[in-house]
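In: sequence and predicted structure, then a few things I'm wondering about:
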Amino acid sequence: MRFLCSPPTHLDLSHLLNEWMDWDEEVDRSRAVRQWGRLVATLEDAGATVDVLDPHPAVPAMTFTRDLGVPVDGRIITLANLGPRGRREPRRARRWLREADVPHDPWPRRDRLEGGNVLRTAWGWLVGVRAGVDANPSRRLAAELRARTGDRSAVVPLGEQAFGHLDMALADLGPVWLAHPPALALARFGSGVWEEILGDRPVLPVEPHEARRLAVNVVRVGGVVVGDLSPRLARAIAAVGLEPAPVVLDELRKAGGGAHCCTLELPDQPTTAAAMHAEASA
């Protein structure tokens, strides 16, 4: 696997991206950089390749590279990412992708979409949408992903406002799901659809205090699960045959994200839901 990461050299609380963020907190940037460095080293130890997008003082949240795009069918769909994080992030990301010869397509609409709300799973594509937010942009992206890959897609309503992205509420680890059910508006989603997506794989539920440290926001590299895991979750992950790789990321969490947020997966080869399902069954 190959990821695009950006060091939190200029990370701050200029925008409150999630409900737990507090103006009274300050990011210790030197500590954040050390934590980010350990995250990158852990990903590389697990077998991943990490490319670095140079930080810029005008875009302090750039370290959360996952929001910049969606890897699909050997390309990156770069998202407009309108809103408080501005326009400079996607422009800098597109420039890096162009210079690195990474195939990419800009999302043609002026929709506010972020890659942290898109999960590629063994079932298909899931696109999260917050309560009270226009769901049409998410529906358009889900339709585009379905058209490009032929895989199924669904728009997933989110529940608790504290968890603004789907990757803070759900993770497909292969043999199991990692989930914080209160962050998913299951009643509005429909139990039948949800049961179809989950299939016959068990769910490891994340407790509220674990969810608030973004324990669901993990990256899987082969059989290694990298994230800010509690000892309980690490044991549960090991029990299903995966290797937990805990990393402390509380300084990054202050500014809004965790391990998955810090990694934009770059296309190596097209990957479909069928291929992911075969890998999960192996």
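Out: Received it, and whenever you're ready, just let me know what you need.
In: now the strands for the stretch 1-150 of the chain?
Out: Using DSSP state E, counting those that start in this stretch, the strands found in the stretch 1-150 of the chain span residues 2-5, 49-52, 69-72, 75-78, 104-106, 118-120, 124-129.
In: for the ones you listed, which one ends up most surrounded?
Out: Among these, ranked by average contacts under mean count of other CB atoms under 10 Å, first place goes to strand 69-72 (a mean of 25). Every C-beta, even on glycine, is put in place using the N, C-alpha and C of the backbone.
In: list the buried residues for stretch 195-215?
Out: By 16 or more other CB atoms under 10 Å, the buried positions in stretch 195-215 come out as 197-198, 201, 204, 206, 210-215.
In: chain center to it, what's the gap?
Out: Per CA atoms, centre = their mean, to the nearest Å, the displacement of stretch 195-215 from the mean C-alpha position of its chain is 15 Å.
In: what's the separation between the residue lying closest to residue 259 once chain neighbours are set aside and residue 146?
Out: Among residues not flanking residue 259 along the chain, residue 227 sits closest, at 4.3 Å (CB to CB, 6 or more residues apart in numbering). Residue 227 sits 28 Å away from residue 146, going by CB to CB, to the nearest Å.
In: one step back: need the strands of the stretch 1-150 of the chain in a markdown table (columns: distance to residue 247 and mean pLDDT).
Out: Shown next, in a markdown table, are the strands of the stretch 1-150 of the chain (distance: least, CB to CB, whole Å; pLDDT from 0 to 100):
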| stretch | distance to residue 247 | mean pLDDT |
| --- | --- | --- |
| strand 2-5 | 13 | 97 |
| strand 49-52 | 14 | 96 |
| strand 69-72 | 22 | 93 |
| strand 75-78 | 25 | 93 |
| strand 104-106 | 28 | 92 |
| strand 118-120 | 20 | 96 |
| strand 124-129 | 24 | 95 |
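In: adding distance to residue 43, write the ones you listed out as CSV.
Out: What follows is the strands of the stretch 1-150 of the chain, written out as CSV (distance: least, CB to CB, whole Å):
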stretch, distance to residue 43
strand 2-5, 6
strand 49-52, 6
strand 69-72, 16
strand 75-78, 18
strand 104-106, 22
strand 118-120, 18
strand 124-129, 23
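In: of the ones you listed, which approaches residue 34 most closely?
Out: Closest approach to residue 34 among the strands of the stretch 1-150 of the chain is made by strand 2-5 (14.3 Å; CB to CB).
In: hang on, the earlier thing: right, so of the strands of the stretch 1-150 of the chain, which gets closest to residue 98?
Out: Of all these, strand 104-106 sits nearest to residue 98, with 7.6 Å by CB to CB.
In: so what strands line up beside that closest one?
Out: strand 75-78 (parallel) (DSSP bridges).
In: in contact with residue 126, which residues are there?
Out: Listed by CB atoms under 8 Å, 6 or more residues apart in numbering, the contact set of residue 126 reads 118-119, 153-156, 166, 170, 197.
In: okay, now the unreliable bits of the stretch 51-200 of the chain?
Out: 80-86, 160-161, 187-191 (pLDDT under 70).
In: where do the helices of it begin and end?
Out: Secondary structure of the stretch 51-200 of the chain (DSSP state H, counting those that start in this stretch): helices located at 88-99, 136-149, 186-189, 191-198.
In: regarding this protein, what is its longest helix?
Out: In the chain, taking DSSP state H as the definition, the longest helix is helix 29-45.
In: re the thing from before, can you redo the contacts of residue 126 as a markdown table with distance to residue 235?
Out: Shown next, in a markdown table, are the contacts of residue 126 (distance: CB to CB, whole Å):
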| residue | distance to residue 235 |
| --- | --- |
| 118 | 30 |
| 119 | 24 |
| 153 | 34 |
| 154 | 31 |
| 155 | 34 |
| 156 | 28 |
| 166 | 25 |
| 170 | 20 |
| 197 | 26 |
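In: list just the nearest of the residues you listed to residue 237.
Out: Lowest distance from residue 237 to these (CB to CB) belongs to residue 170, with 15.0 Å.
In: ok, that closest one touching residue 177?
Out: Yes. Using CB atoms under 8 Å, residue 170 makes contact with residue 177 at a distance of 6.7 Å.
In: neighbour count winner among these two?
Out: Between residue 170 and residue 177, counted using other CB atoms under 10 Å, residue 170 has the larger neighbour count: 26 against 20.
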